[in-house]
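Peer 1: Let's see this in three dimensions:
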Amino acid sequence: MPLPQREIPLVAVLHDSGHRPQRTMNKALSFLLLLFLGVTSDPELTAWILNCDGATGYGGAQADVQSVDFDDDSVFISASGIPSYDIGPWNANPNQASDQAKIFKIPRAPQPATGAHTTTPLGAIGSFTNGVAVYNALDAFSWNNLWVWKQDAVLAEAISFDTCLGHPQNAGQYHHHQAPVCLLDQVGDDGAAHSPIVGYAFDGYPIYGPYGYDDGADSHSSITRIESSYRLRSITVRHELPDGTVLSPYYWGPNVSAWYPLGLYIEDYEFVAGLGHLDEYNGRFAVTPEYPNGTYAYFVTQNADGSSAYPYMIGPQYYGEPDTDNFGPSANVQVPPGAEHFDGCDPCQDPVSFCSSTTNSSGSAGAIGATGTPSVSANDLVLTAWAVPSNQPGVFFYAPNQTQVPFGDGYRCAGGGIHRLSITSTTIWGDARFPLDISSPPSAAGQITDGSSWNFQFWFRDPAAQNTGHNLTDGLNVSFCP
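Peer 2: Modelled structure (predicted):
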């Protein structure tokens, strides 16, 4: 099935078995199609935490995501809404979390809003990667029920949250209005690296954890806590809205006091462009590990002390055009006939590209891929490189770690102890291939085993470029299976 062209993503995030799932590409037609489109993996398919072993969560429900299906336009996430980590209890909340058996529909080619931006509704506005619902900041109550001064659930309902900062609503849908701290812990999002994708909004844009590149355009810039551009207003009375609208007395809110503290209503906040890293939708356009060419992305926002920072995940409005089939308690999304199933639990997943390459004298950026399978017992993986200068010597090599450091006219993407394979040459068509013999590694330290993960790259001479005279392709991560 043809895939819509999109920014080239980098790596998948996680699923329960600990392997990194990837889009299967071992059929020749699919492989050539993906190369033509420049698509190497699809985070909207691979980012989900799949239940591969029948694990159960709260109330005995099947935990995390049960199934991922897709067509050209959408990804369909089937989930119970119950995570695999412990949740509850919920003080002062009579509701109990229950299996929702929901299917969420995520656009695969998200588009910015072309007119007025859609206000995020009550109920689910996106899905976390474990299938738990994302809610906005509201709790469905407002001062005098006028829907002018709307309560912030994070403050108004604080007593009812569990230690994961979530709670169930009256139909049993467990959800988060703010940082899903147990999910962040589960995926190891501790600020040591760029946060992984932790969810998708219903407009199709990814939601990242609280850490990203300080310079959104530079993946080599330092990792920092991504800050919201909202702040509490300096007010003592609630007579005027953040946009400057002066209200008649009938629409006034309660004066700021111990009973009605600043921050109880979302109108207590104002957006200040440039105050933090993000826009009024709580996102920005940036390069990320999964989208090295850039994407619009939302971020979970926290204060320096780890507390939640308004608007928490997605702002009062979506940046893009949401799929409204997901909206409301009666939403009943179904997987359409003809949709394909993504088998992220298959232990033998095909390789996935990562890192960046630069244009060489062929006029294109060199790329690396593979045919065959990453099965150790089959031992039939063939490394391939293309879009490289013709009739030049080169060498495939591999290493345990991923990096991106300048080398020659490009970037070295594999590091931490390099193992070089035999020298080969590119053809007159500007490609190269090398059958990988797992039984005969270049050194004992480079022995490939079941369950090991290695990063491959191709180095080649490029005298016609008249710079350093050599360059490299992008990288290829291979997780080997039995």
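
Peer 1: Leaving aside the residues adjacent along the chain, what's closest to Thr163?
Peer 2: Leaving aside its chain neighbours, Thr163 sits nearest to Cys182 (7.4 Å; criterion: CB to CB, 6 or more residues apart in numbering). Just so you know, the C-beta spots here come from the backbone N, C-alpha and C atoms, and that holds for glycine as well.

Peer 1: Can you name the next helix or strand after the helix or strand harbouring the one you found?
Peer 2: In the assignment (DSSP states H and E), Cys182 maps to helix 181-186. As assigned by DSSP H and E, the chain's next helix or strand after helix 181-186 is strand 197-201.

Peer 1: ends of stretch 234-245, how far apart?
Peer 2: End-to-end distance of stretch 234-245 (CA to CA, to the nearest Å): 16 Å.

Peer 1: Could you do stretch 350-359 as well?
Peer 2: Start-to-end, stretch 350-359 (CA to CA) is 26 Å.

Peer 1: Off-centre distance for it?
Peer 2: Its chain's C-alpha centre and that of stretch 350-359 lie 17 Å apart, by CA atoms, centre = their mean, to the nearest Å.

Peer 1: what comes up buried for it?
Peer 2: By 16 or more other CB atoms under 10 Å, the buried positions in stretch 350-359 come out as 350-358.

Peer 1: Tell me which helix or strand comes right after the helix-or-strand element of the chain with minimal mean pLDDT.
Peer 2: Taking mean pLDDT, DSSP states H and E as the measure, helix 28-37 is the helix or strand of the chain with the lowest mean score, a mean of 31. Using DSSP H and E, the helix or strand that follows helix 28-37 in sequence is helix 43-46.

Peer 1: circling back: dump the helix holding Cys182 to PDB, keeping only the CA atoms.
Peer 2: The C-alpha trace of helix 181-186 is given here as PDB (Å, rounded to 0.1, in the frame of the first residue of the first chain):
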ATOM      1  CA  VAL A 181       4.600  10.800  35.100                       C
ATOM      2  CA  CYS A 182       4.400   7.000  35.300                       C
ATOM      3  CA  LEU A 183       4.600   6.700  31.500                       C
ATOM      4  CA  LEU A 184       7.600   9.100  31.500                       C
ATOM      5  CA  ASP A 185       9.300   6.900  34.100                       C
ATOM      6  CA  GLN A 186       8.400   3.800  32.100                       C
END
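
Peer 1: Just the strands from the stretch 101-250 of the chain, written as ranges.
Peer 2: For the stretch 101-250 of the chain, the strands defined by DSSP state E, counting those that start in this stretch cover 102-107, 124-128, 133-135, 138-142, 150-152, 167-168, 174-176, 197-201, 206-208, 211-213, 223-225, 230-232.

Peer 1: tell me the contacts of the closest residue to Gln62 other than its chain neighbours?
Peer 2: The shortest distance from Gln62 to any non-neighbouring residue, by CB to CB, 6+ apart, is to Ser80 (5.2 Å). If you count contacts by CB atoms under 8 Å, 6 or more residues apart in numbering, Ser80 has them with 57, 61-64, 66, 99-102, 131.

Peer 1: Of those, keep whichever come out buried.
Peer 2: 57, 61-64, 66, 99-100, 102, 131.

Peer 1: Now do Val335 against Asn130, distance only.
Peer 2: Separation of Val335 from Asn130 (CB to CB, to the nearest Å): 19 Å.

Peer 1: what about these two, which has more around it?
Peer 2: Asn130 (29 against 19; other CB atoms under 10 Å).

Peer 1: dump the residue contacts of that one.
Peer 2: 48-49, 63-65, 79, 83-84, 183, 186.

Peer 1: State the mean pLDDT of the top strand by length along the chain.
Peer 2: Using DSSP state E, we find that the single longest strand of the chain is strand 453-461. The average pLDDT within strand 453-461 is 96.

Peer 1: what comes up buried for that strand?
Peer 2: 454-461.

Peer 1: Over to stretch 392-411?
Peer 2: For stretch 392-411, by 16+ other CB under 10 Å, it's 392, 394-400, 402, 404, 407-411.

Peer 1: and the nearest residue to Phe202 once chain neighbours are set aside, what pLDDT?
Peer 2: In space, Phe202 comes closest to Pro322 once its chain neighbours are excluded; the distance is 4.3 Å by CB to CB, 6+ apart. The model reports Pro322 with a pLDDT of 97.

Peer 1: residue contacts, Pro322?
Peer 2: Contacts of Pro322 (CB under 8 Å, 6+ apart): 118, 125, 201-203.

Peer 1: again, but for Trp459
Peer 2: 394-395, 397, 408, 470-472.

Peer 1: got the CA positions of the longest strand of the chain in PDB?
Peer 2: Only the C-alpha atoms of strand 453-461 are listed here, as PDB (Å, rounded to 0.1, in the frame of the first residue of the first chain):
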ATOM      1  CA  SER A 453      21.400  -4.500  18.200                       C
ATOM      2  CA  TRP A 454      24.000  -3.000  15.900                       C
ATOM      3  CA  ASN A 455      24.300   0.200  13.800                       C
ATOM      4  CA  PHE A 456      25.500  -0.100  10.300                       C
ATOM      5  CA  GLN A 457      26.900   2.600   7.900                       C
ATOM      6  CA  PHE A 458      28.700   2.800   4.500                       C
ATOM      7  CA  TRP A 459      31.800   4.900   4.000                       C
ATOM      8  CA  PHE A 460      32.900   5.700   0.400                       C
ATOM      9  CA  ARG A 461      35.500   7.700  -1.500                       C
END
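
Peer 1: what separates that strand from the chain centre, distance-wise?
Peer 2: With CA atoms, centre = their mean, you get 25 Å for strand 453-461.

Peer 1: so what does the helix or strand that it is followed by touch, helix or strand wise?
Peer 2: For strand 453-461, the succeeding helix or strand toward the C-terminus, using DSSP H and E, is strand 470-472. Counting contacts by 3 or more CB pairs under 8 Å, 6 or more residues apart in numbering; DSSP states H and E, strand 470-472 packs against strand 410-415, strand 453-461.

Peer 1: Redo these as a markdown table? Include distance to Gly216.
Peer 2: Supplementary listing: these in a markdown table, determined by distance: least, CB to CB, whole Å:
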| stretch | distance to Gly216 |
| --- | --- |
| strand 410-415 | 19 |
| strand 453-461 | 25 |
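
Peer 1: can you tell me which of those comes nearest to Thr163?
Peer 2: strand 453-461 (32.6 Å; CB to CB).
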